[in-house]
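# show me how the following folds:
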Amino acid sequence: MRVLLSTYGSRGDVEPLVGLVVQLQDLGTEVRVCAPPDEDFAQRLAGVGVSMVPVGQSARALTTAAPSSADLPRRAAELIAAQFEAVTAAAEGCDGLVATGVMPAAAGALSVAEKLGIPSVSVTFQQLTLPSPHRPPLAYPGRSFPPDVTDNRTLWELDAQSIDALFGEALDTNRASIGLPPVSHVRDYVFGDRPWLATDPILDPWRGTSDLDVVQTGAWIPPDDRPLPADLVAFLDAGTPPVYVGFGSMPMGVAKDAARVAIEAIRAQGRRALVGRGWADLALIDDLADCFAVGEVNQQALFTRVAAVVHHGGAGTTTTATRAGAPQVVVPQVVDQPYWAGRVAAMGIGAAHDGPVPTFESLSAALTAALTPQTRARAAAVAGTIRTDGAAVAATLLLGTIERPTDRS
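Sure, this is the predicted structure:
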């Protein structure tokens, strides 16, 4: 059996697929992956024996460029066209398709599966895009909701209209080019009636609705047995556990002094600092021995050896830190990150920073809360409740879906 996994987004959209790849391979399934042409994505997938099929432009370049809201429809049209081209070729001979990543990319991939007549599953790595009467939707840039509208169901109707306005024309144009009819609503087409939610049910509990039969598999945590670099191990062994600070795939354009602020706030706590460079290219501010900078690294192993993790609140980083039992300070930047910050604070496993730009005072206050013995004890207790079988559950469900296909709509 052969399966195609298709995504477009940041590292947080690619890393979970690594976990699913490994589980599918263990079940004797051949796997292909379509993802942005970033070298670190290709290397990560190559590490589990998958040659990545590149689609679209570099995700890092697109994130750094931060296109304006007015440019979003054009960017989406380009991405949908790229999906149609790359996924059509990659899906040849495949028995099923998993679509995730940003909305227009998923819509394009699912359209290809529809044309080829192969079963498909739509997956999200955070629940905030799934319609729910229990909370409002996220607003797209430049398309804020009317301030006088507070009913959640009405807001979700407006959300569907925004998505159609942004992506509908480009999607239907590309669908027409391969003989497919237009879709009524892009969002409904992407999710269907039974979308998958690949998050941990303790960290991210889904409240059921009558509209969607959501399948929550648990987070897709990839196995990672890569040893920590020798120089990093030497730094860790040389003193007390440091505080890690890193912002993953976030460019941090609005917080250019993030590394300086973080290091000074960490030092003020009497702690050593470990700086993850990430897409923000964070760097040390001096050559003192109490600080160390690291690039790509096994965070699953690293986070068990730190005093706390200061991060942007991506779903993957939040889950990894929670599973490691490390207290967290979440400095949310965009999209779903304020949600994860709120979950960390509500569960008592860390602190939510107020806003995306840390200052010495604000970060110091958050660190003080996160570094208490009570927070560490709570973080350790919650760590043992996080499921580790999400990718295995998803792999088994996926193969069952392929063998017994159902109508997504």
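# every contact and neighbour count from this point should use C-alpha atoms.
Will do.
# can you count the residues close to the closest residue to residue 354 other than its chain neighbours?
Using C-alpha to C-alpha, 6 or more residues apart in numbering and skipping residues adjacent in sequence, the residue nearest residue 354 is residue 331, 7.3 Å away. Residues near residue 331, counting by other C-alpha atoms under 10 Å, number 26.
# show me the contact partners of the helix or strand hosting residue 61.
Residue 61 belongs to helix 59-65 when assigned by DSSP states H and E. Contacts of helix 59-65 from elsewhere in the structure, counted by C-alpha atoms under 8 Å, 6 or more residues apart in numbering, are 8, 9, 10, 36, 37, 38, 249, 250, 251, 253, 279.
# so which of these wins on neighbours?
For the contacts of helix 59-65, neighbours were counted using other C-alpha under 10 Å, and residue 8 has the most, 27 neighbours in all.
# surely residue 3 is in a strand?
Yes. Secondary structure of residue 3, determined by DSSP: H, G, I helix; E, B strand; the rest coil: located in a strand.
# run a quick neighbour tally on it.
When counting by other C-alpha under 10 Å, one arrives at 26 neighbours for residue 3.
# show me what it bridges to in the sheet.
residue 31, residue 96 (DSSP bridges).
# that one and residue 92 touch, don't they?
No. No contact is recorded between residue 3 and residue 92 when judged using C-alpha atoms under 8 Å, the distance being 10.0 Å.
# need the contact list for residue 272.
With C-alpha under 8 Å, 6+ apart as the criterion, the residues that contact residue 272 are 240, 241, 242, 243, 266, 290, 291.
# leaving out sequence neighbours, find the closest residue to it.
Counting by C-alpha to C-alpha, 6+ apart, residue 242 is the residue found nearest to residue 272 once chain neighbours are left out, at 4.5 Å.
# residues contacting the one you found?
With contact taken as C-alpha under 8 Å, 6+ apart, residue 242 is in contact with 236, 271, 272, 273, 274, 305, 306, 307, 308.
# tell me which of those fall in helices.
Within these, membership in helices is found for residue 236, as judged by DSSP state H.
# before we move on, which element is residue 226 in?
Per DSSP H and E, there is no helix or strand for residue 226.
# let me see the contact set for it.
Residue 226 is in contact with residue 298, counting by C-alpha under 8 Å, 6+ apart.
# lowest-pLDDT helix or strand in this structure?
Among the helical and strand segments of the chain, the one scoring lowest on mean pLDDT, DSSP states H and E is helix 59-65, with a mean of 76.
# show the subsequent helix or strand relative to that one.
Scanning the chain past helix 59-65 towards its C-terminal end, the next helix or strand to appear is helix 72-90 (assignment: DSSP H and E).
# how much space is there between the closest residue to residue 248 other than its chain neighbours and residue 91?
If you skip the residues right next to it in sequence, residue 248 has residue 278 as its closest partner in space, 4.8 Å away by C-alpha to C-alpha, 6+ apart. Going from residue 278 to residue 91 by C-alpha to C-alpha, to the nearest Å gives 32 Å.
# which of those two has more residues huddled nearby?
For residue 278 versus residue 91, the count of surrounding residues by other C-alpha under 10 Å is larger for residue 91: 24 against 18.
# now the end-to-end length of stretch 191-210.
Where stretch 191-210 begins and where it ends lie 14 Å apart, using C-alpha to C-alpha.
# helices of the stretch 301-409 of the chain, start to end?
Along the stretch 301-409 of the chain, the stretches classed as helices by DSSP state H, counting those that start in this stretch are 315-324, 337-346, 360-370, 373-383, 390-403.
# residue 156 reaches residue 137, doesn't it?
Yes. Residue 156 is within contact range of residue 137, at 6.1 Å (criterion: C-alpha under 8 Å).
# common neighbours of the two, please.
residue 131.
# and residue 241, what helix or strand is that in?
For residue 241, there is no helix or strand it lies in under DSSP H and E.
# ok, it touching residue 303?
No. Taking contacts as C-alpha under 8 Å, residue 241 lies outside contact range of residue 303: 10.0 Å.
# which of these two has more residues huddled nearby?
Looking at residue 241 and residue 303 with other C-alpha under 10 Å, you find the greater number of neighbours at residue 303, namely 23 against 19.
# need the pLDDT of that one.
Among the per-residue scores, residue 303 holds a pLDDT of 98.
# likewise the one 4 residues further on?
Note for residue 307: predicted pLDDT of 98.
# okay, now it: neighbour count?
Applying other C-alpha under 10 Å, we find 21 other residues in the vicinity of residue 307.
# could you pull up the residues touching it?
Residue 307 makes contact with 241, 242, 243, 244, 326, 327, 371 under the criterion C-alpha under 8 Å, 6+ apart.
# can you add distance to residue 27 and pLDDT and give the residues you listed back as JSON lines?
Supplementary listing: the contacts of residue 307 in JSON lines, determined by distance: C-alpha to C-alpha, whole Å; pLDDT from 0 to 100:
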{"residue": "241", "distance to residue 27": "39", "pLDDT": "98"}
{"residue": "242", "distance to residue 27": "39", "pLDDT": "98"}
{"residue": "243", "distance to residue 27": "39", "pLDDT": "98"}
{"residue": "244", "distance to residue 27": "36", "pLDDT": "98"}
{"residue": "326", "distance to residue 27": "33", "pLDDT": "98"}
{"residue": "327", "distance to residue 27": "35", "pLDDT": "98"}
{"residue": "371", "distance to residue 27": "42", "pLDDT": "98"}
